[in-house]
Structure formats: structure tokens, C-alpha cells
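Student: Just need the structure, nothing else, for what follows:
(2 chains)
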Amino acid sequence: MKPVFMTYTKKDLTNLAVCMVLSVLIIPTFIKTEYWYTSILIPWLCLALATIGQQIVMGYTGQLALGAAGFMAAGAFAMFNLILRVPDLGFVGSLIVSGLIAAAFGILFGLPSLKVRGIYLMVATLASQFFIIWMIDKFGWFKNYDSSGIITAQDIVILGKPFTTPLAMYFVCLAVTTILTLLAMNMARGSTGRNWMAVRDMDIAAESMGVSLLRTKVQAFAISAFYCGVAGALFAFCYLKSLEPVAFDIKLSFKILFMCILGGLGTINGAFIGAAFILLFPVLLNAIGNNVFHGAIDATIISSIEQVIFGLLMIIFMIYEPLGMAKLWENFKQSIRLKLSSSGIKSVKSSAQKSE
Amino acid sequence: MANELLFFMEVLVGGLLAGTMYSLVALGFVLIFKASATFNFSQGAMVFFSVLAFCGFMQDFNIPFVLAFILAALLMVVVGLCTERLVLRPLMNASEDTVLMATIGLGYVLEGLAQAAWGVEVRRLDLGIGDFPVPWIADNLKLFISALDITAGLVAALMIIGLFLLFKYTKIGLGLRAVADDAGAASSIGIPLKHIMLLVWSAAGVVALVAGCMWGARAGVQFALVDLALKALPVLIIGGFSSIPGAIVGGLIIGAVEKILEVYIGPFFGGAIEGWAPYVLAIFFLLYRPEGLFGEKIIRRV
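Tutor: Numbering: from 1, shown residues only, chains lettered A, B, ... in the order given. Below you'll find the predicted structure:
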């Protein structure tokens, strides 16, 4: 089957232009504090990328997987070793190859998805999470026999130029995320994505329509793990600036799962919304704790409250809006559009026709 | 040679008994799954929540042991009540995966609440049962088996027998089985769905409390219990999600296999393979026998 590339509508191009102007021109001119880059924007981009990976396998293909952090670890440590051992590859080459290595793990641990689904698959993917972390932890080779447990990540050098300032690293993350997001949108809208969604909505029907389950599922797992691997490499090199297996434990996998679900299953912009929410909410909560209660509330209590709120939101979204924040945003835009246009009903009709 | 055999026996028995601890956690999953076909991902969090509350009652309020246990059990009933009303009932007609994700959320809520209420530090739980080899067994059989393990085994056995009798011979058990089979049909012939759900979630809560006491006495009452409880998932896959004996056998298999692998193969890889061995074992089961040893065959209607 030949992949069909999407045709870009005017709306897509304006969206892209707005995002690019915002991220390339406006953010660097107005945000000068390093804190914003190192603690918010860079991890946001990295985690959003990983969430896109989770979206592909969970939101688009409907396979309940819980091992994103494992694949991220695979990508991060592959990157470390590639730069260390094969310096000729360069940063971009290493990034791609480490994504491919993560994808290989994705294929391996995605195979059970051919047999099982739901929570059964979740348990199978947990194996990948624990196995990959254990493997990196126990075999000294992956960590270059470093006994301290925490390895400093190498500096990022692209075409002989060092990218070490927060702003430069932000641009590296931005470039990678932009390219991969566009690719993901392309895949999601093209025949690849249609196959994923067909498998998600009814796998037996999809199979009888001639969609190969083996190919589609394995492909989804591989691409998902590729995204997670690249995201993990960026996460380690641009955000953590160190490599330790503990950073990629099951908690991170859950976090990415939450980003994916709260953001909105089966949407690419949901990945960005979800990642932003999960990242920014604790910051906000801490700020409230410090400024309103002046530190009267213990930090551990604040993080417990944060956990309770995430859990509650998960339940509330599952009950009232299983499609997450992206859908809320869509509804919000729709209601604004209705209010703005004098003949509201007409505009809904025409937009409905357009989307068909 | 005899010594090696003895050592193997010791590893095996130790593993089997440790496996009953997993079984205790898995039992809670099975109870809920049997009665409502819901995968309750928050069972691990319930274990943590209940035992932390138990410790909190005892250590912070100086409530005596038995009373604290009853209070904690009552608290779990309240949790069950709230879950039924606020989470499960609105999701009555939602898909399996949606309910599963909601229970993940529920797990987060319980973990957060427990830590907000009782703090994050590791608490010691003293049940009055030592976690050291029983002298009598050590002398006569030359096996070093901890008293706590034996207690856990006995408690598990008692619970299984109790639950088995409940499901098989009582009217409530019949109702539970009917609801599990077809909730709609069951409610149409007058089985009170609400009460059944409440009963099952409370029972799972109490089972979680017992499991938590056993784990807490061994490893301390701490957040790591939640991760340990995740190991109940491979137990369930091996035993089958809907089978109470399956939970036990699955637990025993996981316990024994992970100990044996750890002792005999672990050293070649630097140890700690217990962390993932159960999951990999579960994958093999999924590939060859997805319904588990005792589970009902999964039939999907198109």
C-alpha cells in the first residue's frame, strides 16, 4: 500500500505559521530567563514528543501500552553510547539511530499485541519497562563502566558548532519536535493512520477489509518507540544533562500515559496540551503554596495533592469527556465561532461540510 | 549433594511462601473482576492506602491494634462505597479500557490521599510475628522459613477457603456470579447491583488491608508497596483473571520461579532479575495460553 501524503489546507498552513512565529520569533525575544527554557520549554517539547509516541500506539492504534519511559531510556542510552563509540555519526545521525534502536525494542515488546489487548497488553508492555531499565542498570557497558550511577551527557555538537546554551538547546528540541510532529500528522492523516484507526475501532473488521494486523500493530509500536527513543535522547541530553536509569522509571511512563489521556486520545495537539498541563500544573501548585500560603504547606503534601488532582481529573475526564482537553479546546473554539457569527447554525453546517 | 537439594528446597519453599503474598494482592483484583468484569488497577494503591491508614490509626492516634484494624476495614468500605457511587456508576456503560483508565486515576487519588493524610516516611508495622526462621522447622527439617511467610500462607489459605465457600454456596455468591456473567440480566431479575458492587469493593478493600499488613510487616509501609503490588498483574495473567484458585497458583508460580531464577541464574547477570522475570513469564503465558491456567477462555463477539 502506497502511503498517501496529506493535502495541506489553508488552515493547516496558518496553524503552522502561527506556531512557528510564536516558537521561533516571539518566545526567544520575550523570554529571557533561563529558567523558562531549562525547566519548562525544553522538557515540555521532549515530553510532548514522547506523548506523541504514546498517542500513536494508544490513541491511534488503540493498544493499551505502558512502557514509554523504557523506550525513552533505550533511546537515551543508545544516544550516549553512539556519541561515545561512533563519533562519526554526529548528533543528528546518532539521534536517528538511537530512535531506530528504541524502535527495535518497540517491535520486540509490541509482538504480544498481536495476541492480546487491554490490560493483558499493558502487563506485557510493563515487561519492556522493567527489562530495559534493568538491562541498562546491570550491564556496565551501557554506562561505559561508570560506577557513580549518574553519567554526564556529552555536549551537543552539530556540524562542529556547540549547542550548549539553554536557548540553543531549545532550538535543537524545537527543530526535532517540529519535524517529527509534522511527520506524525502526515502519518495520522494518511493511509498509515487510517489503518491504525481501523485497527483501533474494530480490528476484526479491519482485517477483513484487508488491513494486515501484524503489519499495522508492529508498525505502530515501532514508530511509537522511535518517537519515545528520540524524545528520551533529547530529554537526557537537553533537559537532564545526565543519564541515569532511575530517571526513566515507571512513574515517568504513567506521567506520559496521563499526558496522553488527559490531552486527548487520538490527537496530536492533545499531546502538546497534555504535556503542558502535567508539567505546568505542579509548578502552579508550588507557586500557590509558596505565595498564598507562604510555605505553610509542606512540599510533600503539595505533591500529594497534585497526585490526587491528577487522579481526579483522570476520572472526571473518563466520565464526562473521554476525548480529553483537545476536545474541550475544540468545543471552546466551536462555541466562540458560533457566538461570533450572526447566523451561527450556518457556520456549523458549513464547517461540518468542510470537514467531510 | 544433599546439601544442594536442601538449599534448593529452601529456595523453593521460600519462593512459594513469598508467592502467597502476591496471591493476596491478586485476590483483590480477582474479586472485583469476577463480580464486575472490571480490571481494578488501583488494587495496589488500595493495599498501600489501607495499610497506611491502619498504621496511622495505631501510631498517630494510639488506637489499639484490633480497633485500628476494624477502623481501617471500615475506611475501606467507605472507599468502596465512594468508588461505586462516584466512579463506577457513571461509567456503567463505558468500554473496558475507559473503566481501566478511570481506576488508574483512582489509584492516583488513593496514593495521594494516603500520603497527604499520613505522610511519606516509611512506617514500621509490627504484627507481633517475627520475620525470622522458625526454630522448630529449622531444627527438624533443616529449612529456614520465616514465621511471617507461614502466617501469610495460612492467611491466604483461609481467605481462599472463605471466598470459595462464599462464591459457591451462599446466595450472595450466586448473585455475584450472576452479575459477573451478565449485569443487565442479573439486575432485571432483581439482584441489587448496587449492593453487590459495594460488597465486592469492600471485600476487595479488606483483602487489600490484609495483604498490606503482610507486606508492610516485611518491607515497611512505604510507597514501594504500590510497585510491588504491580507484580500481582503477571500473577493474574498466569492464573487467569477470573479464578480465585488461579490467583493462588499464579502467585505460587511467580514466587517460586522468580526466587529460583534469582538464586540460580541471577548471579550471571548481576542479580535483581526478580524485577522483570515475572512479566516476561507472563508474556510467555500470553503467547501460548492467554486465558491463564484457570481462566475462562476469552471469547470476543464481533
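Student: Quickly find the element holding B:Val235.
Tutor: helix B:232-239 (DSSP states H and E).
Student: Let me see the mean pLDDT of that helix.
Tutor: Averaging pLDDT along helix B:232-239 yields 88.
Student: Which is the succeeding secondary structure element to that helix?
Tutor: helix B:244-264.
Student: that older thread, please name every helix or strand in contact with the helix holding B:Val235.
Tutor: helix A:118-138, helix B:2-36, helix B:244-264, helix B:277-288 (3 or more CB pairs under 8 Å, 6 or more residues apart in numbering or on different chains; DSSP states H and E). (Glycine included, C-beta is placed from N, CA and C.)
Student: rerun at 10 Å
Tutor: Judged by 3 or more CB pairs under 10 Å, 6 or more residues apart in numbering or on different chains; DSSP states H and E, the packing partners of helix B:232-239 are helix A:118-138, helix B:2-36, helix B:43-60, helix B:244-264, helix B:277-288.
Student: What are the neighbouring residues in contact with the residue nearest to B:Tyr279 when sequence neighbours are not counted?
Tutor: Excluding its sequence neighbours, the residue lying closest to B:Tyr279 (CB to CB, 6 or more residues apart in numbering or on different chains) is A:Ala127, at 3.4 Å. Neighbouring residues of A:Ala127 by CB atoms under 10 Å, 6 or more residues apart in numbering or on different chains: A:67, A:70, A:109, A:112, B:234, B:276-283, B:286.
Student: ok, back up a step: the helix holding B:Val235 to helix A:118-138, inter-axis angle?
Tutor: Using axes from the mean of the first three to the mean of the last three CA atoms, to 10 degrees, the inter-axis angle of helix B:232-239 relative to helix A:118-138 is 120 degrees.
Student: Between the contacts of A:Ala127, which sits nearest B:Ala26?
Tutor: Ranked by distance to B:Ala26 (CB to CB), those are led by B:Pro234 at 9.3 Å.
Student: close enough to count as contact, the closest one and B:Ala26?
Tutor: Yes: when contacts are counted by CB atoms under 10 Å, B:Pro234 is listed as touching B:Ala26 (9.3 Å).
Student: Identify, out of the helices and strands packed on helix B:232-239, the most deeply packed stretch.
Tutor: Of all the helices and strands packed on helix B:232-239, helix B:43-60 has the most neighbours on average by mean count of other CB atoms under 10 Å in any protein chain shown, namely a mean of 25.
Student: close to chain A, is that one?
Tutor: Yes: applying CB under 10 Å from any CB of the partner chain, one finds helix B:43-60 touching chain A at B:Ala45.
Student: after that helix, next one along is what?
Tutor: Using DSSP H and E, the helix or strand that directly follows helix B:43-60 along the chain is helix B:65-82.
Student: and that following helix, C-alpha only, in CSV?
Tutor: C-alpha atoms of helix B:65-82 as CSV (Å, rounded to 0.1, in the frame of the first residue of the first chain):
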residue,chain,number,x,y,z
PHE,B,65,-4.4,-3.0,67.3
VAL,B,66,-7.8,-4.7,66.8
LEU,B,67,-9.8,-1.5,66.9
ALA,B,68,-7.4,0.1,64.4
PHE,B,69,-7.8,-2.9,62.1
ILE,B,70,-11.6,-2.6,62.3
LEU,B,71,-11.4,1.2,61.6
ALA,B,72,-9.2,0.6,58.6
ALA,B,73,-11.5,-2.0,57.3
LEU,B,74,-14.5,0.3,57.7
LEU,B,75,-12.5,3.0,55.9
MET,B,76,-12.0,0.6,53.0
VAL,B,77,-15.8,0.0,53.0
VAL,B,78,-16.3,3.8,52.7
VAL,B,79,-13.7,3.9,49.9
GLY,B,80,-15.6,1.1,48.2
LEU,B,81,-18.9,3.0,48.6
CYS,B,82,-17.4,6.2,47.1
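Student: Which elements pack onto that helix?
Tutor: Under the contact rule (3+ CB pairs under 10 Å, 6+ apart), helix B:65-82 is packed against helix B:43-60, helix B:96-118, helix B:193-219.
Student: what about the closest residue to A:Val97 other than its chain neighbours, helix or strand, and which?
Tutor: In space, and not counting its chain neighbours, A:Val97 is closest to A:Leu82: 5.8 Å by CB to CB, 6+ apart. Taking DSSP H and E as the criterion, A:Leu82 maps to helix A:68-85.
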